[in-house]
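Participant: For reference, the sequence and a predicted model appear below.
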Amino acid sequence: MKKILIVDDKKEFRSTLSDALNSGKYEVEVAENGIRALEKMVSFEPDLVILDMLMPEMGGLEFLRELKGRGIKSNILISTQLAQMDDISNALGEGMSVGVRGYIIKSSQSLEMIVKEIEKTLSSL
């Protein structure tokens, strides 16, 4: 069973996406920021991380830099709002070395489209 870690400071998004993915196909964990996500990376060892870029305490870019500094590789989908395209570009540039595989735009994609993108990414692993 593939493991997914959802890292997002918005409880509603974490909960909605987790519910959509908890169909018995995946084991899902959530974290509200990069600090909690780093803790879960060690114990949970996710196959895929859904990573929000803007979060308090430790945002997505900081999280990617921390992974790189620790030599941790993972498969990551950036999760962001359409207005944050500069953040996506920066994250894709910095994140390729730690496993960023693409991005999803929360504000313009339906939940069904987001789940399909996650499943497509997982099937390519």
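Facilitator: The structure has been received and is ready for your questions.

Participant: quick one: average pLDDT of stretch 78-93?
Facilitator: When pLDDT is averaged over stretch 78-93, the result is 70.

Participant: For the most centrally placed residue in the chain, name its beta-bridge partners.
Facilitator: By C-alpha atoms, centre = their mean, the chain has its centre lying nearest to Ile50, at 1.5 Å. Beta bridges link Ile50 to Ile6, Leu77 when assigned by DSSP bridges.

Participant: Ends of stretch 12-32, what's the gap?
Facilitator: Length of stretch 12-32, first residue to last, C-alpha to C-alpha, to the nearest Å: 11 Å.

Participant: Hmm, Lys10 and the residue nearest to the centre of the chain touching each other?
Facilitator: No - with contact defined as C-beta atoms under 8 Å, Ile50 does not count as touching Lys10 (11.9 Å). Yep, even glycine has a C-beta here, placed from its N, CA and C like the rest.

Participant: Can you list the low-confidence ranges for this structure?
Facilitator: Residue ranges of the chain with pLDDT under 70: 82-88, 90-92, 94-95.

Participant: At which residues are the strands of it located?
Facilitator: For the chain, the strands defined by DSSP state E cover 2-7, 26-31, 48-52, 76-80, 100-105.

Participant: Tell me the helices and strands packed up against the second one.
Facilitator: So the one you mean is strand 26-31. Applying 3 or more C-beta pairs under 8 Å, 6 or more residues apart in numbering; DSSP states H and E, one finds that strand 26-31 makes contact with strand 2-7, helix 11-21, helix 34-44.

Participant: need the contact list for the residue nearest to the centre of the chain.
Facilitator: 4-8, 17, 76-77, 79, 104, 118 (C-beta atoms under 8 Å, 6 or more residues apart in numbering).
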